[in-house]
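Student: Whatever this is, show me its structure:
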Amino acid sequence: MITMAEIARLTHVSQPTVSRVLNGNPKVSPEIRERVLACAREHDYQLNALAKGLKGSPTHLLGVLVTDIANGFFADLTKQIEICARERGYSIILFNSDYNPDNEQEYLDVVRRYRVDGVLAVPIRETSPQWYDYVKRLDVPVVTITRRATGLDSFYVDHPTAGGQVAAYLADRGYRRFLFIGKEYDGKYVGFRQWLAEHGLGDVVTHQVLQNHDQFRQALERWLAESDLRAAVFAGNDIYALQVLDILRELQISVPAQVGVIGFDDTFMGQYLNPRLSTVRQPTAQMARQAVNWLLDRIEHADASLPVQRAFSTELVLREST
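Tutor: Numbering: from 1, shown residues only. Here you go, the predicted model:
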């Protein structure tokens with residue numbers, strides 16, 4: 001295995017600088033940091049940061065990787081994971097990828113160095129071959145949560161089915177134009193669009209990725225002006241829905257009389273908005289508990305059975321915004 005000295009030689013920096021980068025010291029320039037980390041990844045360098053010389057000894061530490069800790073749903077999910085892990089005698093170390101693939105890969109490198117016993121992860125692109133190949137190199141059990149990843153244990157909500165349920169509800173309420181806020185590859189959008197297409201409404205659905213507030217306001221205003229048909233906005237999470245409601249208030253558009261809004265996750269803020277937010281509730285505590293217990297059984301009993309794919313149902317929470 002490559003040494004720090006060899007990484008220093010290959011990257012043209014000093015060995016102490018390499019040590020600082022690999023141990024997470026922030027006082028290194030981004031350019032040098034990325035050069036060192038890229039070299040370490042290329043040569044599969046691993047640093048045992050917690051227990052040098054104790055290879056194979058359990059640390060009773062779980063790595064938890066989420067995409068956006070600022071989202072109340074992921075904060076709640078992390079809390080539920082921590083509660084369940086603590087009951088079984090484990091601690092967690094939390095990483096936030098912020099939907100940045102470079103961050104995700106870097107934090108998985110850190111997970112390897114800290115010799116966690118297992119990983120619970122919310123991947124950015126769970127269908128990516130690169131994601132699967134990388135996590136398989138961790139040499140510890142990995143469970144994905146909220147997302148379904150082929151070849152890995154997955155405890156997730158069936159997003160396409162949930163998106164279809166939202167579409168059916170909005171259509172039944174008399175909405176005839178639809179906007180989804182989020183990524184095109186989001187399973188919620190896939191199911192939402194598919195249901196509308198199957199029921200003759202596929203030509204009136206589109207999607208929009210939030211940039212900044214002003215750009216999104218302009219895009220939303222243009223979309224609303226394109227037709228007089230009654231419109232509904234399906235936001236990929238409650239934070240997006242909050243932004244939509246704020247813009248509609250600025251534009252003096254009545255909710256739900258002129259435009260309906262529904263979110264996803266049922267975070268606590270939705271019930272305190274005016275109007276109160278319709279949304280989709282995920283079984284967060286149940287999903288977290290089952291994922292943690294499954295991961296710990298993998299760790300403690302060296303379970304080599306085939307990966308499980310466990311889907312959870314969602315619940316429509318209907319409030320004033322629709």
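Student: Going by C-alpha atoms from here, please, whenever you check contacts or count neighbours.
Tutor: Fine.
Student: Output the helix ranked longest in the chain in PDB with nothing but the alpha carbons.
Tutor: Across the chain, the longest stretch assigned as helix under DSSP state H is helix 284-301. This file holds the C-alpha atoms of helix 284-301, laid out as PDB (Å, rounded to 0.1, in the frame of the first residue of the first chain):
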ATOM      1  CA  THR A 284     -39.100   8.400   9.300                       C
ATOM      2  CA  ALA A 285     -38.800   6.800  12.700                       C
ATOM      3  CA  GLN A 286     -39.900   3.300  11.400                       C
ATOM      4  CA  MET A 287     -37.600   3.500   8.400                       C
ATOM      5  CA  ALA A 288     -34.600   4.600  10.500                       C
ATOM      6  CA  ARG A 289     -35.100   2.000  13.100                       C
ATOM      7  CA  GLN A 290     -35.400  -0.900  10.700                       C
ATOM      8  CA  ALA A 291     -32.300   0.400   8.700                       C
ATOM      9  CA  VAL A 292     -30.200   0.700  11.800                       C
ATOM     10  CA  ASN A 293     -31.200  -2.700  13.200                       C
ATOM     11  CA  TRP A 294     -30.500  -4.400   9.900                       C
ATOM     12  CA  LEU A 295     -27.100  -2.800   9.600                       C
ATOM     13  CA  LEU A 296     -26.100  -3.800  13.100                       C
ATOM     14  CA  ASP A 297     -27.200  -7.300  12.500                       C
ATOM     15  CA  ARG A 298     -25.000  -7.300   9.400                       C
ATOM     16  CA  ILE A 299     -22.100  -6.000  11.600                       C
ATOM     17  CA  GLU A 300     -22.600  -8.200  14.700                       C
ATOM     18  CA  HIS A 301     -23.400 -11.500  13.000                       C
END
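Student: Which helix or which strand is home to the closest residue to V111 other than its chain neighbours?
Tutor: Nearest non-adjacent residue to V111, counting by Cα to Cα, 6 or more residues apart in numbering: G63, 6.3 Å away. G63 belongs to strand 61-66 when elements are defined using DSSP states H and E.
Student: That strand - contacts with which helices or strands?
Tutor: When contacts are defined as 3 or more Cα pairs under 8 Å, 6 or more residues apart in numbering; DSSP states H and E, strand 61-66 sits against strand 91-96, helix 101-113, strand 118-121.
Student: I'd guess F178 is in a helix, am I close?
Tutor: No. Applying DSSP: H, G, I helix; E, B strand; the rest coil, one finds F178 to be strand, outside a helix.
Student: Quick one: neighbours of it, just the number.
Tutor: The number of residues packed near F178 is 28, by other Cα atoms under 10 Å.
Student: and it, what does it touch?
Tutor: Listed by Cα atoms under 8 Å, 6 or more residues apart in numbering, the contact set of F178 reads 204-206, 231-234.
Student: What's the local residue count around A235?
Tutor: 25.
Student: name the helices or strands packed onto whatever helix or strand L245 lives in?
Tutor: Using DSSP H and E, L245 maps to helix 238-250. Packed against helix 238-250 by the contact rule (3+ Cα pairs under 8 Å, 6+ apart) you find strand 259-262.
Student: So what's the residue count around Q130?
Tutor: Per other Cα under 10 Å, the neighbour tally for Q130 reads 11.
Student: is it fair to say S154 lies in a helix?
Tutor: No. The assignment for S154 (three-state DSSP) gives strand, which keeps it out of a helix.
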